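In: pasting the structure only:
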């Protein structure tokens, strides 16, 4: 196979499929893609390979003129440079799930308040946060979420136990 291709998506001036030059590196590909849009989130870039794990990196570290730091590219790679997230999403056991403008000084419980508070089954003590790349973590009500994260309010433990016993009684 003589020709090798990579895809570029997200917050670059040009996106799509690019033919790879011999020994082409990441910094050159970014130049060919026209550089970044002002709303690019350089700290959250990632390279998905056809084989192997997704490589996450902070692009600011790869833009140095230091050639040894420049990433090599492989046929089938997909470079994604996400846009800076401006929202936080709240879902699960809340009265009005939705997206809310990101504010660094709001805690999780304040975002849950913007979503109409927990439902009668929901518990602010059972919260999961998902980052934009899909990683989940537990958090307490006073944690401040990051841009683009999703807050999920889960059912309270008491409600889960009650549902279990109601199901058992019906059986």
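Out: Done, it's in. Bear in mind that the values here come from a model prediction, so they are computed numbers and not experimental data. Numbers count the residues shown, from 1 in each chain.

In: where does this structure have low pLDDT?
Out: Scanning the chain for pLDDT under 70 picks out the ranges 1, 63-65, 159-171.

In: hmm, 80 instead?
Out: Low-confidence regions of the chain, defined by pLDDT under 80, span residues 1-2, 61-69, 132-134, 157-171.

In: in it, which residue is closest to the centre?
Out: Ranked by distance to the mean C-alpha position of the chain (Cα atoms, centre = their mean), the top residue is residue 132 at 1.3 Å.

In: That residue contacts residue 149, doesn't it?
Out: Yes - if you go by Cβ atoms under 8 Å, residue 132 and residue 149 touch, sitting 7.0 Å apart. Quick note: C-beta positions are derived from backbone N, CA and C, even for glycine.

In: Need the overlap of contacts for these two.
Out: A shared contact of residue 132 and residue 149, defined by Cβ atoms under 8 Å, 6 or more residues apart in numbering, is any residue touching both; here these are residue 85.

In: quick one, helices of the protein?
Out: Listed from the start of the chain, the chain has helices (DSSP state H) covering 26-32, 108-114, 157-170.

In: Enumerate the positions of stretch 61-75 that are buried.
Out: Within stretch 61-75, the residues that qualify as buried are 62, 70-71, 73, counting by 16 or more other Cβ atoms under 10 Å.

In: okay, these in CSV with distance to residue 80 next?
Out: Formatted as CSV, these follow (distance: Cβ to Cβ, whole Å):
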residue, distance to residue 80
62, 14
70, 18
71, 14
73, 14
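
In: Closest one to residue 19 out of those residues, please.
Out: residue 73 (11.2 Å; Cβ to Cβ).

In: ok, now which ones touch the closest one?
Out: Contact partners of residue 73, counting by Cβ under 8 Å, 6+ apart, are 6, 20, 24-26, 29, 47.

In: Pick the one among those residues closest to residue 57.
Out: Ranking the contacts of residue 73 by separation from residue 57, with Cβ to Cβ as the measure, puts residue 47 on top at 7.4 Å.

In: what about the closest one, how many neighbours?
Out: Each residue near residue 47 was counted by other Cβ atoms under 10 Å, and the total is 19.

In: Residue 49 versus the closest residue to it other than its chain neighbours, what's the distance?
Out: Beyond its immediate neighbours in the sequence, the residue positioned closest to residue 47 (Cβ to Cβ, 6 or more residues apart in numbering) is residue 55, lying 4.4 Å away. Using Cβ to Cβ, to the nearest Å, one obtains 7 Å as the distance from residue 55 to residue 49.
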